[in-house]
Structures are given as structure tokens and as C-alpha cells.
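Colleague: Based on what follows, work out the 3D shape:
(one chain, ligands or ions: 2)
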Amino acid sequence: MEESAPLRSLKGVGDKTEKLFQKLGIYTVGDLLHYYPREYDRYTEPVTVKEAVEKGAGKAAVAARITGNVDVKIAGKSTIVSTVLTDRGEALQLIWFHMPFLRNVLKRGGAYIFRGKVAEKRHRMVMEHPQIFTREEYEKLQNGLQPVYSLTAGITNKLLVKMIRQVLEQKELAAEYLPEEVRNAYRLSEYNFAVSQIHFPENQESMVLGRRRLAFDEFLFFILGIQLLKEKKTEEKNLFDMKPVWETEKVIEQLPYRLTNAQTQVWHEIERDMTGHTLMNRLVQGDVGSGKTILAFLAMILAGTNGYQSALMVPTEVLARQHWEGLRRLIKDSKLTGLEPILLTGSSTAKEKREAYAMIAEGKAKMIVGTHALIQEKVVYQNIALVITDEQHRFGVQQREILSKKGGSPHVLVMSATPIPRTLAIILYGDLDISVIDELPAKRLPIKNCVVDTSYRPKAYAFMQRQIEAGHQVYIICPMVEESEGMEAENVLDYTNRLKTVFPSQIVVESLHGRMKPAKKNQIMEAFAENKIQVLVSTTVIEVGVNVPNAVVMMVENAERFGLAQLHQLRGRVGRGDVQSYCIFMHNDAGEEIQKRLEILEKSNDGFFIAGEDLRLRGPGDLFGVRQSGSMEFKIADVYQDANILKEASEAAGGILALDPELALEQHRPLREELEKYMKSQAETLGL
Ligand code: ADP
Ligand code: MG
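Modeller: Ligands and ions are numbered 1, 2, ... in the order given. I've put the predicted structure just below:
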């Protein structure tokens, strides 16, 4: 069996299963093999009933003899099987739903190991749906780490385990494609070993070894792919006929502020690119609030005044509308004519869309702002010369490439606030030139932060009220939209209702969340921008790009539930004007570790520093932790956590290419074949 074999060549896989797996992006045997576990489960040493009950809520494996009767109850449509374990006065109830056959399996007096989550229900300790093992079965599992995969409806973890085992047993061993010197130099394990250990590790050490090898390969192929891409691209000529124009100077002149030196410099880089001999392919990186938007607008005005179209693509409708309005205002204030921008998003009406398509096709619309609606098939550009993506880490390189393909080869400008250290950015965005805005507007006062627990809430509300009475506005972030069982976290809907009774009635409190219709979201964002709403209770939908400088207080409820990078992005919504801004991180009884993490935010407003500290705290060895939601979608590698591996892979790629740019030497041929496969599978992502 080959890795390219279709999934149905596996035993027990028919049409239906195949369809389900496709939902996970798994089409071939190879895809399945490279569908890595999300985390691992450890089968810990079983404890006694007494120990489990005394430990309280949480996952446990309990070794015990069944002391009670095995009861079967029918409640409505469900059958409930239950029994009790007792041990020196401590009782633990076990419950299963819809498993009537257990009555014949479990016997009073029988000894088993029950594994599951213990929780207190109506003053009793209960374990719901425990797995049942014999001592021998359990001991077998105890030696290894058990893979836990991301699932979709209809696919269980068990099924995945079974199928991947089948593949590993039946597949011929793959030939090693990494040259031996590379493996030796970077202490990398063998490929087949790595793949089997990532799924079914014999122990933690071998899992780490396997993971290291796979992460290395992922980076190596990515870098080699990018290098080849770069070689192809550097020759791309700028066929657009553009000259610097005085309109951009005029716009800069009449801004209510002066551009920072960093902004001015980056603007000149963009202008030089667009009026130069080769196509622009540039990443502008700058922390939240550094003022990237105006640079995008200037670039669009440069293209428009020269008679060309440009498109600005952003990840959310709220942001699209905000940019569109900002650009419209800028054009109006500068009295520029013929450059009226248009907005195109998923929630534009059919009529609006038709009109927009026509304006775009005829070239009447020079500047187009929107969401991924911009790359829908029906959009045909007349002469697009510039494509900008804002907050592209939310977007993926893929869409950028599709959009740039629609108009032949336009200039590409990518704007991102993701704090990747410059050295990493150079490796990762090998095909892009990089501009960094390393300076915030001068008048900005650093945001004042505090980390507090919920007892501080009344004080926080009083503080907010004073700020609102002084004319300012407030964001409050909750992790959830509505109440959900078993989740102890604040939700937007209940919170909004509660707040309405806290503040006097002239203070308008409104909510915003991702489940609202886009039109409703827009309406609320607009009202907030006009200060018709003073307190906006929101989920993280406002995380990206939103700009209401009059909002100067942000409070994040359940701050312990967010990652540092995300909290930093959120906080970027305040501190966008000249007025002192505040961010309150409120946590619900956080442990010491979380407290420490949050204190990093209290200490610093610098995205780069925060990313670095976060990494240091979590430590590169933290393989069980949640993946940092990040810029680049790697299957297993993480640019922060595996920064060292990334450096090594980059070094190795450099060495290989320096010696053998075509990868034609005998010892590199298997590598080249593997790379070709990789590039084919990643064609869209890499734009190859
Ligand atoms: P980001 O880099 O996060 O996208 P924005 O471009 O949204 O930041 O800018 C944040 C705010 O700062 C906006 O209100 C913008 O008008 C303002 N701004 C941008 N540049 C300057 C500057 N040089 N001086 C003062 N304010 C500025
Ligand atoms: Mg922005």
C-alpha cells in the first residue's frame, strides 16, 4: 500500500466513511498517516475510590470492586445503567446512558478499572460514562501515551486509532529521504520511526524524538519550497506604468496627525516598489496601533491616481466596513475625485453585488474594500494593480494568492500585527520583503493595565462610569455568547442584561457577537463609533483591527481563558488616541501560573516582548499545551515553540541549496522527490 492510495483501499472503509474523512481533509492513506494527534492521553496509575473522591472533581482511573447493585432505569427514551462503588465510607456513583447491555457485563463483586471524569452532582460524587477495563487491559495502555485526535461528527477517536494502526501495519516502510549528514548533524530520528511514534508513542521520549523529526521536515520543505518560489518570482517585472503622484502628498499633508518616521519610511518603500521595475511583494509588520491602515490607503490612492484598480481584503465584515468608511472620509477630506471606494462583503444585497461587479468590471470602481467576497468567481477586475491583505495571519497565504491570480500579477502588500521576531519572519516569509513599523505615534500614552480578580468588579464599574461621564467609551469582553452548561464563564447576553441595571439608564449598553447577522453587527459597530453606545459587551469578534479611538477602557472577563497573543490583540482596541487608556484583565480565581502569565501583560504593551515571554513561560518542552493560534498553519510545527527547530531547518536548507541548488545530486534525489510531492500538495498555499 502506497501513501497515495485512496482511503477506500483500507479495510472497512466505504463511501460513507470516506465522505466523513474528507471533512477532516483526509483523502489518501498518506493524509491519514499525517493526521497527527492533537494531544495525548495518559493512563495514570489507578487510585482507590477513597482517593478519587477526596481528590474531588477531575479525571481519574479508579480500581475497585462493584459493591452495589447494577441498576437499570428507563427514563423517557434513554436507558440509564448505574451502580455504586464504596470504600471506607466514601461512595462514588457510576452512570452510563444508552448502554443497557452493561447490565450483563458488570457484576456485583466484579473488579474493574473505571476511568472517567469525576464531578459533584447534587452533593454526590459521580463518574459519568466511565470506560471499563480489566486490570490487564489497563496495564497495556499504561505504558504509552494514547493519541487524541480532532474529530468530526461520525468519526470517533477509536475509529481513527484503528485505521491508523491498520495503515502502519500494512504499509511498506518508506525510504528515508533526508540525507544522512543532515540527520546526523541535527540528531533527527528516522522517518518511519517518527511517524509511528507520533501516533502511538512507546514513551514520552520517543514521542518527542518523532515530533522533532516531523516538525523539522515540515519547516525544511516549507523553506525549500519558498526558496524555489522566490527564485521564480524575483524576475517578475512591474508592467504597470506608475509614477509618484502629488495626491498622496496632499493626503499626508491634511491628515489630523503627522506620520511617524517609521510610517514615512515604510510609505517610501511602498512607493518605490510600486513605481519601480519589479513587482512589489511586501509584508508590513507593526504592532497593534502602529498605524498600518493609512499606508494601505496611500498605496491605493497611488494606484488609483495612476488609473489602476486596487483591492483591500480583510478577515471580517466589521473591519471591511470600517476601512471602507475611513478611506471614503480620507478621499472626501482631501477632495480627491474619481476615487470613490466601494464595499463588497458577503452581506451586500444581490443588487448591491451586481452593481459592484459591474463597476469593477468596467473599471469605474478604482478602490475596492471587502472580505473574501472579493475573490468570489463573479468578481472580474478590469486592471487590478495592487492587492492588500490586512491582518493576513487570519487569512492564509492561499487567499492572497487566489486574489492576486485573478488579476494576473498585481503588487502584493500584506499587513500584519503578528509579533514574529524579524529573523523568523525572514525565514517564514522568505518570498516577501519586510518592512517594520517599530514606532508608535508620538502622542500615545502607554496603556495602563491591571490584573485583578472578580472582587474588583464594583470598583471597575465605578471607574467606567467616571470615564463615560467624561465622554469616553468602554469595551467589555466575555468569552462566550450565551450561557452553556458546564462552562463557568461570563457570557455576552446575560452580562449585557446585568450591566443595564448597574449603570444609570442614560448610559447605553449593547452587545456584539459573532452569531449576529452581519447587518446587525455593522449597525452596532457604527452606533458605537458614533458614541451612541457607551458600553459594548462583546466576544472576541472585535479582536481584529477595530478602531474607535474614543473607547479608552477595556475590561476582559475570564482573562484566564485567553492566550496572551490574543489578549494583546484585544487590548490593541484601546490606546488608539491621545487620551490615557486602561485595560483591566479580570480573572476568575486563577492559579499561580495563569496569574504569572497575565502579569506579563500588565508589565508590557510590546507584542514582541509578550510573545517571547509567553514562549519562555510555557517552555519549549510543553508539548501537551494548546497550540498558539498563530500566523502560519503548520500541521505539527509551531513557529514559537519550535523556534530552534525552525532555525536548524533553515540552516540545513541553506546548506543543501548552497551545495546543490537543483537538488540533483544522487544523495538529494529522494529529498527532491519528496519536496515535489509536498509542493504539489501545497501548491495553492505557496502559490507555486
Ligand atoms: P494598526 O496598525 O493597528 O492597524 P491603525 O492604522 O488602525 O493601527 O491606527 C490606529 C489609530 O492611530 C487610528 O486611529 C489612526 O488614525 C491613528 N494614527 C495612525 N498614524 C498615526 C500617527 N502618525 N499619529 C497619530 N495617530 C495616528
Ligand atoms: Mg489594523
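Colleague: Looking from ligand 1, tell me which residue of the stretch 551-688 of the chain is nearest.
Modeller: Across the stretch 551-688 of the chain, the shortest distance to ligand 1 (Cβ to the nearest ligand atom) belongs to residue 576, at 4.3 Å. Backbone N, C-alpha and C define where each C-beta goes, glycine included.
Colleague: before we move on, what about the stretch 351-500 of the chain?
Modeller: Scanning the stretch 351-500 of the chain for the residue nearest ligand 1 gives residue 441, at 3.1 Å (criterion: Cβ to the nearest ligand atom).
Colleague: nearest spatial neighbour of the residue of the stretch 551-688 of the chain closest to ligand 1, skipping sequence neighbours?
Modeller: By the measure of Cβ to Cβ, 6 or more residues apart in numbering, the closest residue to residue 576 outside its immediate chain neighbours is residue 549, 4.4 Å from it.
Colleague: so who does the one you found touch?
Modeller: 576-577, 579 (Cβ atoms under 8 Å, 6 or more residues apart in numbering).
Colleague: And residue 11, by the same measure?
Modeller: For residue 11, the contacting residues are residue 166, by Cβ under 8 Å, 6+ apart.
Colleague: Could you give the number of residues near the residue of the stretch 551-688 of the chain closest to ligand 1?
Modeller: Residue 576 is flanked by 21 other residues according to other Cβ atoms under 10 Å.
Colleague: which SS state does the closest residue to ligand 1 within the stretch 101-250 of the chain fall under?
Modeller: Of the stretch 101-250 of the chain, the residue with the smallest distance to ligand 1, taken as Cβ to the nearest ligand atom, is residue 248 at 14.9 Å. Each residue gets one of three states, and residue 248 gets helix by DSSP: H, G, I helix; E, B strand; the rest coil.
Colleague: Looks like it contacts residue 304 (just checking).
Modeller: No: taking Cβ atoms under 8 Å as the contact criterion, residue 248 and residue 304 are not neighbours in contact, 10.2 Å apart.
Colleague: neighbour count winner among the two?
Modeller: For the pair residue 248 and residue 304, the greater number of neighbours falls to residue 304 (24 against 21), based on other Cβ under 10 Å.
Colleague: so the more buried one touches residue 367, yeah?
Modeller: Yes: with the criterion set as Cβ under 8 Å, residue 304 and residue 367 qualify as a contacting pair; they are 5.6 Å apart.
Colleague: which ones are touching residue 668?
Modeller: For residue 668, the contact set (Cβ under 8 Å, 6+ apart) comprises 179, 656, 660.
Colleague: Skipping adjacent residues, who's closest to the last one in space?
Modeller: To tie it back to what came earlier, the one meant is residue 660. Distance criterion Cβ to Cβ, 6+ apart; nearest residue to residue 660, sequence neighbours excluded, is residue 668 at 5.4 Å.
Colleague: Near ligand 1, which residues of the protein? Just list them.
Modeller: Taking Cβ under 6 Å from any ligand atom as the contact definition, the chain meets ligand 1 at 257-260, 263, 286, 288-294, 417, 441, 547, 549, 572, 576.
Colleague: which of those residues are buried?
Modeller: Buried residues within these, counting neighbours by 16 or more other Cβ atoms under 10 Å: 259-260, 263, 286, 288-294, 417, 441, 547, 549, 572, 576.
Colleague: now the strands for the stretch 251-400 of the chain?
Modeller: All strands of the stretch 251-400 of the chain, identified by DSSP state E, counting those that start in this stretch, fall at 281-286, 309-313, 342-344, 367-370, 384-390.
Colleague: Just the buried residues of the fourth one, please?
Modeller: To tie it back to what came earlier, the one meant is strand 367-370. Residues of strand 367-370 classed as buried under the neighbour-count rule (16+ other Cβ under 10 Å) are 367-370.
Colleague: What is the longest helix of this protein by residue count?
Modeller: Once the chain is assigned using DSSP state H, the helix that runs over the most residues is helix 204-233.
Colleague: mind checking how far that one is from the chain centre?
Modeller: Here the centre of helix 204-233 is set off from its chain's centre by 20 Å, with Cα atoms, centre = their mean, to the nearest Å.
Colleague: quick one: low-confidence parts of the stretch 201-350 of the chain?
Modeller: Within the stretch 201-350 of the chain, the set of residues satisfying pLDDT under 70 comprises 229-235.
Colleague: Swap in 90 and give it another go.
Modeller: In the predicted model, the stretch 201-350 of the chain carries pLDDT under 90 at residues 202-205, 219, 222-239, 278-279, 281-283, 285-290, 314-319, 346-349.
Colleague: Quick one: distance of stretch 264-277 to the chain centre.
Modeller: Its chain's C-alpha centre and that of stretch 264-277 lie 31 Å apart, by Cα atoms, centre = their mean.
Colleague: What lies in contact with stretch 96-111?
Modeller: Counting contacts by Cβ under 8 Å, 6+ apart, the residues outside stretch 96-111 that touch it are 63-70, 72, 78-83, 112, 128-130, 132, 135.
Colleague: ugh, wrong one, stretch 137-145
Modeller: Applying Cβ under 8 Å, 6+ apart, the set of residues contacting stretch 137-145 is 40-46, 61, 113, 115, 133, 200-204, 207.
Colleague: Span of stretch 663-674 from start to end?
Modeller: Taking Cα to Cα, to the nearest Å, the first and last residues of stretch 663-674 lie 11 Å apart.
Colleague: wait, stretch 660-676
Modeller: End-to-end for stretch 660-676, by Cα to Cα: 16 Å.
Colleague: in that stretch, what's buried?
Modeller: For stretch 660-676, a neighbour-count test (16+ other Cβ under 10 Å) marks 660, 663, 668, 670-672, 674-675 as buried.
Colleague: Same check on stretch 130-138?
Modeller: Here stretch 130-138 shows 130, 132-133, 138 as buried, counting by 16+ other Cβ under 10 Å.
Colleague: now swap in stretch 23-34 and tell me
Modeller: Taking 16+ other Cβ under 10 Å as the basis for neighbour counts, the residues of stretch 23-34 that come out buried are 24, 26, 28-34.
Colleague: if you look at those residues, which of them are in helices?
Modeller: Among those, the residues falling in helices (DSSP H) are 29-33.
Colleague: I'd like these written out as CSV, with pLDDT and distance to residue 214 added.
Modeller: Converted to CSV, these look like this (pLDDT from 0 to 100; distance: Cβ to Cβ, whole Å):
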residue, pLDDT, distance to residue 214
29, 89, 17
30, 88, 13
31, 88, 14
32, 90, 15
33, 91, 11
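Colleague: Tell me the one of these nearest ligand 1?
Modeller: Scanning these for proximity to ligand 1, where the rule is Cβ to the nearest ligand atom, the winner is residue 31, at 37.2 Å.
Colleague: give the contact list for that closest one.
Modeller: Taking Cβ under 8 Å, 6+ apart as the definition of contact, the neighbours of residue 31 are 7, 25.
Colleague: Apply 7 Å and report the result again.
Modeller: Under the criterion of Cβ atoms under 7 Å, 6 or more residues apart in numbering, the contact list for residue 31 reads residue 25.
Colleague: how about the closest residue to residue 548 other than its chain neighbours, phi and psi?
Modeller: In space, residue 548 comes closest to residue 529 once its chain neighbours are excluded; the distance is 5.2 Å by Cβ to Cβ, 6+ apart. For residue 529, the backbone dihedrals are phi -60, psi -30 (criterion: degrees, to the nearest 10).
Colleague: Kindly report the same for the one 5 residues further on.
Modeller: For residue 534, the backbone dihedrals (degrees, to the nearest 10) come out as phi -100, psi -30.
Colleague: Could you report the neighbour count for it?
Modeller: With neighbours defined by other Cβ under 10 Å, the count for residue 534 comes to 23.
Colleague: That one contacts residue 475, correct?
Modeller: No: look at residue 534 against residue 475 with Cβ atoms under 7 Å: they stay out of range, at 10.6 Å.
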